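[1] What follows is a predicted structure for the sequence shown.
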Amino acid sequence: MTSVDFYILPQTGGPADSAVMTACRLCEKAVGANRNVYVHSTDAAVSAEFDDALWSYRQGGFVAHERYDGHAAPTEPVPPVLIGAAEPPDGQHDILINLDAEVPPFFSRFERVIEIVAGHPDHRSASRAHYKFYRDRGYSLRTFEQDTGGAWKQRGG
């Protein structure tokens, strides 16, 4: 069954604490563990920001990625990170990072879903609705917060 992880960002964080930058770091970690990642957002500006950030978020770092529109097959070999608003192609089932305001209908085909909770009150409200959605359907939920050193620690664990 799909597990769902919520990464809670500080309410007063700077640009390095944004959802996009957090998603970049999580993608890099997942790719380093030989996992594929589908980053979902129906907001074209968010998708473009994330695409750009993967090129430049860390000096000397690069995460192979591609925008996916749902119409044409991704290039071969498929990069480990796909960014899109459509249902992902077959074979994408490891990790879904949801940067969208809604829970995508295909989330349950993934082993793990990551929801990033940004500091803005509107984003926190949407994230609470996502949490309730998953909880009410019986999914395994974990919550992570950053400690003062920047490491992610499981809340209550």
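    Great, that's in hand. Quick caveat, the model's predicted, so the values are computed rather than measured.

[2] Nearest residue to residue 107 in space, please, no chain neighbours.
    Among residues not flanking residue 107 along the chain, residue 113 sits closest, at 5.3 Å (C-beta to C-beta, 6 or more residues apart in numbering). Quick note: C-beta positions are derived from backbone N, CA and C, even for glycine.

[3] swap in residue 126?
    residue 101 (5.5 Å).

[4] follow-up on the earlier one: distance of the residue nearest to residue 107 from residue 83?
    Counting by C-beta to C-beta, to the nearest Å, the separation of residue 113 from residue 83 is 16 Å.

[5] again with residue 106
    In terms of C-beta to C-beta, residue 106 sits 15 Å off from residue 83.

[6] Neighbour count: those two, which is higher?
    residue 83 (25 against 15; other C-beta atoms under 10 Å).

[7] which residues in the protein form strands?
    Applying DSSP state E to the chain gives strands spanning 3-8, 37-40, 65-68, 81-84, 95-98, 112-117, 140-146, 152-154.

[8] Spell out which residues sit in contact with the closest residue to residue 42 other than its chain neighbours, please.
    Leaving aside its chain neighbours, residue 42 sits nearest to residue 85 (4.3 Å; criterion: C-beta to C-beta, 6+ apart). Going by C-beta atoms under 8 Å, 6 or more residues apart in numbering, residue 85 touches 40-42, 44, 47, 69-70, 100.

[9] how far away is residue 85 from residue 104?
    Distance of residue 85 to residue 104, given as C-beta to C-beta: 9 Å.

[10] just residue 11 next, same as before
    Here residue 11 is placed at a distance of 26 Å from residue 104 (C-beta to C-beta).
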